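fold the following, please.
(2 chains)
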Amino acid sequence: MDALIQLGIFLLLTLTGYVSGRIVEKRHYHSIREREQQLGDVLLLSQRLPPTELLRHHGQLVCGSVVISVDYFKTLAAGLKNLFGGRITAYESLLDRARREAVLRMQEQARTLGADAVINLKFETSQVSGNAGQGIGSVEVLAYGTAMIHR
Amino acid sequence: MSLPRRNPLLPEGINASQEHPLKEFAWLLAALLLLLALAIAGIGLAVRHLAPLLPFALEQRVLPANWLASDSSENHEQQQALQALADRLTAATPLPDGMRISVHYLDDDTANAFATLGGHVFVMQGLLDQLDSENALAMVLAHEIAHIRHRHPIQSLSQGIVLQLLLAAITGNSGAMQALAGSSGLMAMASFSRDMEREADAGALQMLQALYGHTRGAETFFTRLLEQQDDAEWAAFLQSHPGIRERLATIRNSQQDEGGLTPLPAALAPAL
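The predicted structure is shown next:
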């Protein structure tokens, strides 16, 4: 009986994680694609030195960061994958969303400063509040660069 | 080289898979469950074959014959009567070398008896209340002695421990390891599989035949059980001991003639 209750709770958590996780992810991706369209004119460049077109600009640090949580289902799927090996697609989509979201937030910050482009774009990823193995963790992505603002 | 006017819109599916997450999950889960089932079955089989190779002397070292030397003196008579009957049974059908049976009496209203490591058999008062002849009691004792003769306690306890270790190793749960290390498993009442119960029944009937020349009276316990099926106290026993009717049939089949039964020893006769 005890084992049955535990199994029931486990299944409930998994189902909740799966359903809500899928809904949230879908909506987030939708929002990401929309804003990538809107902010497409804030150029993203990874070079360290300003290109010749941007020599009349002054630089300003801009950054965007986001913390996204892993849902219960993703943790489970990743655990299974850890056993057998291979791409952990559950986490891959998580990081893809987080990275693109961070970049978008950075671009929003750049736009409020009136920037045309962001150069020297770099990323930092870290794990927040994740227990070793069993806990529900979350991932933080920071995107930062130099916004080029026309004098 | 001139700058682009806008950031290019990159295609999806490069850094993140477009495949449905449930598909992969279902495959992996199915594979894992299949592997687990095979491992459990395989390991169970291996342990059941290997565990009896552990010498009985090892069991006796863990739970020596004088383990419950603190048997209270007020139950001494019952203890002696039970031990005497057990000794008669093992005299009629000798045990393998070095094996000894120690019977203990428990003043508990539960109707149960069980065998554990080291040749220890426990009989509870509740069970004695249900028996009306020495033959019936002999059946119970012989059944437990047969479990020990066939090394069922070490088989089922070993199987349980090894499976727990396997699961703990897979899930990486160190708490389970610590719990096992604290030898709580050794004292546990072993629950035997149906095959083991059948084997013990067969062995018990043989022992009764050797001692009395017949197996009459052996079915008493089971008929009592079936009569009292609705009783809540019995529900737990019945759940853990499936196949009562089957066992009853086996016993009845072994009985060939009518006749009288031997009465219980005075120390064990129920207080009227």
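
elements contacting the host helix or strand of B:Leu36?
Using DSSP states H and E, B:Leu36 falls within helix B:21-50. In terms of contacts (3 or more CB pairs under 8 Å, 6 or more residues apart in numbering or on different chains; DSSP states H and E), helix B:21-50 is packed against helix A:2-38, helix A:72-84, helix A:89-112, helix B:152-171. No exception for glycine: its C-beta is placed from N, CA and C like everyone else's.

how about the second one: buried residues?
Buried positions in helix A:72-84, judged by neighbour count with 16 or more other CB atoms under 10 Å in any protein chain shown: A:Tyr72, A:Phe73, A:Lys74, A:Thr75, A:Leu76, A:Ala77, A:Ala78, A:Gly79, A:Leu80, A:Lys81.

ok, and of these, which contact chain B?
A:Phe73, A:Lys74, A:Leu76, A:Ala77, A:Leu80, A:Lys81 (CB under 8 Å from any CB of the partner chain).

so the fifth one makes contact with B:Phe25?
If I follow you right, that is A:Leu80. Yes - using CB atoms under 8 Å, A:Leu80 is in contact with B:Phe25, at 7.0 Å.

wait, A:Tyr91 sits on A:Ala78?
Yes - counting by CB under 8 Å, A:Ala78 is a contact partner of A:Tyr91 at 5.8 Å.

what sits in contact with each of the two?
Counting by CB atoms under 8 Å, 6 or more residues apart in numbering or on different chains, the shared contacts of A:Tyr91 and A:Ala78 are A:Val70.

ok, A:Ile88 to chain B distance?
Look at A:Ile88 and chain B: by CB to the nearest CB, to the nearest Å, they are 10 Å apart.

contacts only, for that residue.
Taking CB under 8 Å, 6+ apart, one finds A:Ala77, A:Ala78, A:Lys81, A:Asn82 in contact with A:Ile88.

distance of the residue nearest to the third one when sequence neighbours are not counted from B:Ser156?
When you say that, I think you mean A:Lys81. Excluding the flanking residues, the one nearest A:Lys81 by CB to CB, 6 or more residues apart in numbering or on different chains is A:Ile88, at 4.7 Å. Separation of A:Ile88 from B:Ser156 (CB to CB, to the nearest Å) stands at 40 Å.

one more: A:Ala3?
Distance from A:Ala3 to B:Ser156, by CB to CB: 19 Å.

the more surrounded of those two?
Shown here are A:Ala3 and B:Ser156; by other CB atoms under 10 Å in any protein chain shown, B:Ser156 has more neighbours (21 against 7).

okay, now the unreliable bits of chain A?
A:1, A:129-136 (pLDDT under 70).

thinking again about what came up before, now the helix holding B:Leu36: how far from the chain's centre is it?
Centroid separation for helix B:21-50 versus its chain: 24 Å, with CA atoms, centre = their mean, to the nearest Å.

give me the buried positions along it.
Going by 16+ other CB under 10 Å, helix B:21-50 has these buried residues: B:Pro21, B:Glu24, B:Phe25, B:Leu28, B:Gly44, B:Val47, B:Arg48.

got it, and stretch A:26-46?
Buried, per 16+ other CB under 10 Å, within stretch A:26-46: A:His28, A:Tyr29, A:Ile32, A:Arg35, A:Glu36, A:Leu39, A:Gly40, A:Val42, A:Leu43, A:Leu44, A:Leu45.

hmm, back to that, now flag whichever of the buried residues of helix B:21-50 is closest to B:His147.
Closest approach to B:His147 among the buried residues of helix B:21-50 (CB to CB): B:Arg48, at 13.8 Å.

what's the pLDDT at the closest residue in space to that closest one that isn't next to it in sequence?
Nearest in space to B:Arg48, with sequence neighbours left out and distances taken as CB to CB, 6+ apart, is B:Gln155 at 5.1 Å. pLDDT for B:Gln155: 91.

what of the one 5 residues further on?
Reading off the confidence values, B:Gly160 has pLDDT 82.

give me the number of residues near it?
So B:Gly160, with other CB under 10 Å, has 17 neighbours.

please report the distance of it from chain A.
Counting by CB to the nearest CB - B:Gly160 and chain A are separated by 15 Å.

how far away is that residue from B:Ala146?
B:Gly160 is 20 Å from B:Ala146, by CB to CB.

burial measure for B:Leu106, as a count.
20.

export the helices and strands packed on helix B:21-50 as JSON lines, with columns for distance to B:Leu205.
Below are the helices and strands packed on helix B:21-50 laid out as JSON lines (distance: least, CB to CB, whole Å):
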{"stretch": "helix A:2-38", "distance to B:Leu205": "36"}
{"stretch": "helix A:72-84", "distance to B:Leu205": "48"}
{"stretch": "helix A:89-112", "distance to B:Leu205": "59"}
{"stretch": "helix B:152-171", "distance to B:Leu205": "16"}
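
quick one, helices of the stretch 151-272 of chain B?
B:152-171, B:174-181, B:184-187, B:194-212, B:220-227, B:232-240, B:244-254 (DSSP state H, counting those that start in this stretch).

return the distance of stretch A:46-60 from the chain's centre.
Distance, centroid of stretch A:46-60 to centroid of chain: 26 Å (CA atoms, centre = their mean).

quick test: name the residue nearest the centre of the chain.
Just going to use chain A. A centroid search over chain A (CA atoms, centre = their mean) returns A:Ala98, at 0.4 Å, as the residue closest to the centre.

sorry, I should have been clearer: chain B.
Central residue of chain B (CA atoms, centre = their mean): B:Ser191, at 2.2 Å.

having no further points to raise, I will conclude here.
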